[in-house]
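Asks: missing the sequence, but the structure's below:
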């Protein structure tokens, strides 16, 4: 297994590689390691179709008393 290491800075959930222009005072040095398998690539990748909103409509059911208090926790709620 081979690995590639990238060095940069992490800020606000984003990784900025070393050398990029970044104007900030709060920089944290970060290293990202990417591992690659030794197995040869077969050339076929499984691609998932994009998610469609509303595709589960009619498949999920919820009881009418879903928000009703549970009898097991009645003494704690008092």
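Replies: Received, thanks. Only a predicted model underlies this, so the values are computations on that prediction, with no experimental measurement involved.
Asks: which residues of the protein fall in strands?
Replies: Taking DSSP state E as the criterion, the chain carries its strands at 2-11, 14-17, 28-36.
Asks: export the ones you listed to JSON lines and tack on mean neighbour count and mean pLDDT?
Replies: For glycine as for every other residue, the C-beta is placed from the backbone atoms N, C-alpha and C. What follows is the strands of the chain, written out as JSON lines (neighbours: other CB atoms under 10 Å; pLDDT from 0 to 100):
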{"stretch": "strand 2-11", "mean neighbour count": "12", "mean pLDDT": "81"}
{"stretch": "strand 14-17", "mean neighbour count": "12", "mean pLDDT": "81"}
{"stretch": "strand 28-36", "mean neighbour count": "10", "mean pLDDT": "81"}
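Asks: could you dump those into a markdown table with distance to residue 67 added?
Replies: A markdown table is the format used below for the strands of the chain (distance: least, CB to CB, whole Å):
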| stretch | distance to residue 67 |
| --- | --- |
| strand 2-11 | 41 |
| strand 14-17 | 39 |
| strand 28-36 | 43 |
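Asks: tell me the pLDDT at the residue positioned nearest the centre of the chain?
Replies: The residue lying closest to the centre of the chain (CA atoms, centre = their mean) is residue 13, at 11.6 Å. In this model, residue 13 is scored at 79, pLDDT.
Asks: and if you look at residue 18?
Replies: 79.
Asks: count the neighbours of it for me.
Replies: If you count neighbours by other CB atoms under 10 Å, residue 18 ends up with 11.
Asks: does it touch residue 10 like I think?
Replies: No - with contacts counted by CB atoms under 8 Å, residue 18 stays clear of residue 10, the gap being 11.9 Å.
Asks: correct me if wrong: residue 10 contacts residue 28.
Replies: Yes - the criterion here is CB under 8 Å, and residue 10 meets it with residue 28 at 4.8 Å.
Asks: if I look at the spatially closest residue to residue 29 that is not a sequence neighbour, how far off is residue 34?
Replies: In this structure, residue 29 finds its nearest non-sequential neighbour in residue 9, 6.2 Å apart by CB to CB, 6 or more residues apart in numbering. Relative to residue 34, residue 9 is positioned 17 Å away (CB to CB, to the nearest Å).
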